[in-house]
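# return a 3D structure for these sequence lines:
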Amino acid sequence: MNKFSRTVNRPAARRSVDEITGSRRLRRTRKSDWSRRLVRENHLRVDDLIWPVFLMEGENCQEPIDAMPGVMRLSVDQAVRQAERAARLGIPAIATFPNIASSMRDETGSHSLDPDNLINRASRAIKEAVPEIGIITDVALDPFTVHGHDGILRDGEIVNDETVMQIAAAAVRQAEAGSDIIAPSDMMDGRIGAIRDALDQSGFHDVAIMSYATKFASAFYGPYREAIGTGDRLKGDKKTYYIDPANADEALREAEQDILEGADMLMVKPGLPYLDIVHRIRDTYALPTFAYQVSGEYAMIKAADANGWIDGEKAMIESLLAFKRAGCDGILTYFALEMAELL
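Alright, predicted model coming up:
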């Protein structure tokens, strides 16, 4: 008989679950709704929501966006009514994005400098009717260009410095119209410092900058481009100025540079695929950090819900809680009204 046989064949002494867990039963706090609520670590509030609003020309117009069920392009008067609704629900801010008429688009996006363009008219109207709600505006040029890029295109290249000069001037026009926060999404180098200087020199010291500090070259932007009318116009891609989705350390360098140039708040875009970036930025810089739950994320949940594959409402809540768990101070989401009504 093998000398180890008795050891191998001896039945192992059975330990109780309490011996294994040290009497610590983690399920105790999960046993009922009241106890789960009592120990919940993260909470979603209306104060966390920013509602993106798409604008269009016309009067008394609401136009559905096929790829974004439930989302509409709104004429300025309708945007005012919806801003009033958002304010009644307690949503602290809206972010406006225009679908500019084709006749107003050109190679350089020059209409972005018009004090009476669609963005600026909407800002003035909303601020007059609903002064208590914050207005966030983007100065990227893609809604204004014939080629759909975020900057000025020359000889097949997006030129950085000329673009920065123009978006800084456009930021001043937006501040004059009533924008409370300038949120540049173009990802040009040096744009935060240039915008801060331009705003300060024009007396807009109190207008804040929410930098799209880490905007990735993502596949999740498709429905948004349909919404602002750039999807069919885009020539090539945006990989020469958006961040490679494979890069995390580069995203932190972008965020740090924007902080040094004067950003008041940082944004990560897209949202759910980049929660690791949200967490790292919030932990590293402790600056107010936001994420944009982009159109593709919204469309996926809506499409799966429409097909009966998931519970859309529960998926919406779970996805928004994920942003809070990662460290977000706020979330730009097309679910804002729906979520605010639930809350």
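
# so after the helix or strand residue 35 falls within, what's the next helix or strand?
Secondary structure assigned from DSSP states H and E places residue 35 in helix 33-38. The first helix or strand that comes after helix 33-38 along the chain, using DSSP H and E, is strand 49-55.

# pLDDT of the helix holding residue 35, averaged?
For helix 33-38, the mean per-residue pLDDT is 89.

# kindly report the same for stretch 286-301.
Rounded mean pLDDT across stretch 286-301 is 96.

# cool, stretch 79-89 as well?
Stretch 79-89 comes out at a mean pLDDT of 97.

# what about the strands in this structure?
49-55, 62-64, 72-74, 93-98, 134-137, 152-154, 157-159, 181-182, 208-215, 265-269, 289-293, 330-333 (DSSP state E).

# will you turn those into JSON lines that also has distance to residue 190?
(C-beta placed from N, C-alpha, C; glycine too.) Shown next, in JSON lines, are those (distance: least, CB to CB, whole Å):
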{"stretch": "strand 49-55", "distance to residue 190": "26"}
{"stretch": "strand 62-64", "distance to residue 190": "36"}
{"stretch": "strand 72-74", "distance to residue 190": "32"}
{"stretch": "strand 93-98", "distance to residue 190": "23"}
{"stretch": "strand 134-137", "distance to residue 190": "20"}
{"stretch": "strand 152-154", "distance to residue 190": "14"}
{"stretch": "strand 157-159", "distance to residue 190": "13"}
{"stretch": "strand 181-182", "distance to residue 190": "15"}
{"stretch": "strand 208-215", "distance to residue 190": "12"}
{"stretch": "strand 265-269", "distance to residue 190": "16"}
{"stretch": "strand 289-293", "distance to residue 190": "22"}
{"stretch": "strand 330-333", "distance to residue 190": "24"}
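
# switch those strands over to TSV; also include distance to residue 84 and mean neighbour count.
What follows is the strands of the chain, written out as TSV (distance: least, CB to CB, whole Å; neighbours: other CB atoms under 10 Å):
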stretch	distance to residue 84	mean neighbour count
strand 49-55	12	24
strand 62-64	15	13
strand 72-74	12	22
strand 93-98	11	23
strand 134-137	13	24
strand 152-154	37	19
strand 157-159	38	15
strand 181-182	20	24
strand 208-215	23	26
strand 265-269	25	25
strand 289-293	23	27
strand 330-333	19	24
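
# on that earlier part again, contacting residues around the helix holding residue 35?
Contact with helix 33-38 is made by 28, 29, 30, as judged by CB atoms under 8 Å, 6 or more residues apart in numbering.

# go with 6 Å
Helix 33-38 is contacted by residues 29, 30 when judged by CB atoms under 6 Å, 6 or more residues apart in numbering.

# quick one: the lengthiest helix in the chain to strand 208-215, angle?
The longest helix of the chain (DSSP state H) is helix 160-177. Computed with axes from the mean of the first three to the mean of the last three CA atoms, to 10 degrees, the direction of helix 160-177 lies at 140 degrees from that of strand 208-215.

# the helices in this structure, which residues?
So, for the chain - with DSSP H - the helices run 5-9, 17-21, 33-38, 76-89, 118-129, 160-177, 191-201, 222-227, 249-261, 275-285, 295-306, 312-326, 336-342.
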